[in-house]
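1. This is a predicted model, with the sequence first.
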Amino acid sequence: MIDRVLITKKYRDHLAVKNFSKVTVKCYASLLNCFFNYLEEAGIKDITAAGKDAIRDYQAHCYETVNARGEPNCVGTQNNHLKAVKCFFRFLRQEDYIVADPSKDVDFARKPKRLPRSILTPAEMRKLLHAPDVKTTLGYRDRTILELLYTSGLRKAEIEVLQLADVDYHEGFVRVNAGKGNKDRVVPIGKISCRYLENYVKGVRPALIRDPLNNHLFLTLSGKRFGSSALWFMVKYYARKARIKKNISPHSFRHTCATLMLRNKANIRHIQEMLGHENLNTTQIYAQVSIADLKEVHSRCHPREQDKE
């Protein structure tokens, strides 16, 4: 019988060797712990004894489980749990702990295609960008963050870990180190964002520094890097201040950036590279959101649009 603690440690080491990010390793270990707890409750004490039926039962369990908000788990959450289990059993097979992988033929739940929501119009985005009071230290910092989110389409987590050396406001680009999928990329940023970044770095950030060795670009009032929820609350605050009714989050800037650039005839492969999408299919969803061309064709070609009633 495999020791649960020992095999979890070996599995985490295995993921680290395969260059999975620390966040992914921690997430997989947490999801795997849920699976182990389920097996224990089901009376399966030996992990290697879990067969295809047990894994399918666990998949059904994830489907039926209610989350902290009192809602059923979404398909993405269900599939994340199964993905962690599949990855673990693949590891067990590769390391000869088991003869065959019982998870191999367990299919993921079909994920419904959903269009990104809460995309802002250019006018709404201008209102949001002007919400911070740039006459104050924190207001100027916040305006800089909003400008960078909009111009670059960076993820929230990527903004939080940016270092001073990652930004070149003279040449107009920002370097993302070990982004999603542990991949690096270089993203262009616009002239307005560059101006705010230069002013922030030279005139505002020094007022926030508490530790001279802290090289994170954006600092809190206590001189620390942004926490995982601080940026989310900041965006929500300014959305309310700008009286925007849509459900806005930091990711809304990413959606808006991609959608409006496609609407302005940007090449979808350039958008894919900018956003750091591994699969072009992920990027193509923004083409479905941007219906400006389709609307123009409809107005020009539909016979009813030619009637003069």
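-> Ah, there it is.
2. low pLDDT regions in this structure?
-> Residue ranges of the chain with pLDDT under 70: 113-117, 178-182, 279-298, 301-305, 307-309.
3. Show me where it has its helices.
-> Listed in chain order, the helices of the chain (DSSP state H) span 4-17, 22-41, 52-64, 75-94, 122-129, 137-152, 156-160, 191-199, 230-241, 250-263, 268-275, 280-289, 292-301.
4. Tabulate those in a markdown table, adding columns for distance to residue 207.
-> To be clear about C-beta, it is placed using only N, CA and C from the backbone, and glycine gets the same treatment. Compiled in a markdown table, the helices of the chain are given as follows (distance: least, CB to CB, whole Å):
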| stretch | distance to residue 207 |
| --- | --- |
| helix 4-17 | 38 |
| helix 22-41 | 31 |
| helix 52-64 | 48 |
| helix 75-94 | 41 |
| helix 122-129 | 22 |
| helix 137-152 | 5 |
| helix 156-160 | 20 |
| helix 191-199 | 12 |
| helix 230-241 | 18 |
| helix 250-263 | 24 |
| helix 268-275 | 32 |
| helix 280-289 | 38 |
| helix 292-301 | 43 |
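5. As TSV, those helices with mean neighbour count and distance to residue 215 would be great.
-> Listed next are the helices of the chain as TSV, based on neighbours: other CB atoms under 10 Å; distance: least, CB to CB, whole Å:
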stretch	mean neighbour count	distance to residue 215
helix 4-17	14	24
helix 22-41	15	19
helix 52-64	16	40
helix 75-94	18	32
helix 122-129	16	26
helix 137-152	22	16
helix 156-160	19	13
helix 191-199	17	15
helix 230-241	16	18
helix 250-263	22	22
helix 268-275	17	25
helix 280-289	16	31
helix 292-301	11	42
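6. To residue 213, which of these lies closest?
-> helix 156-160 (18.0 Å; CB to CB).
7. Share the number of residues neighbouring the nearest residue to residue 230 once chain neighbours are set aside, please.
-> Excluding its sequence neighbours, the residue lying closest to residue 230 (CB to CB, 6 or more residues apart in numbering) is residue 220, at 6.7 Å. Other residues near residue 220 come to 15 when the count uses other CB atoms under 10 Å.
8. Many thanks, have a good one.
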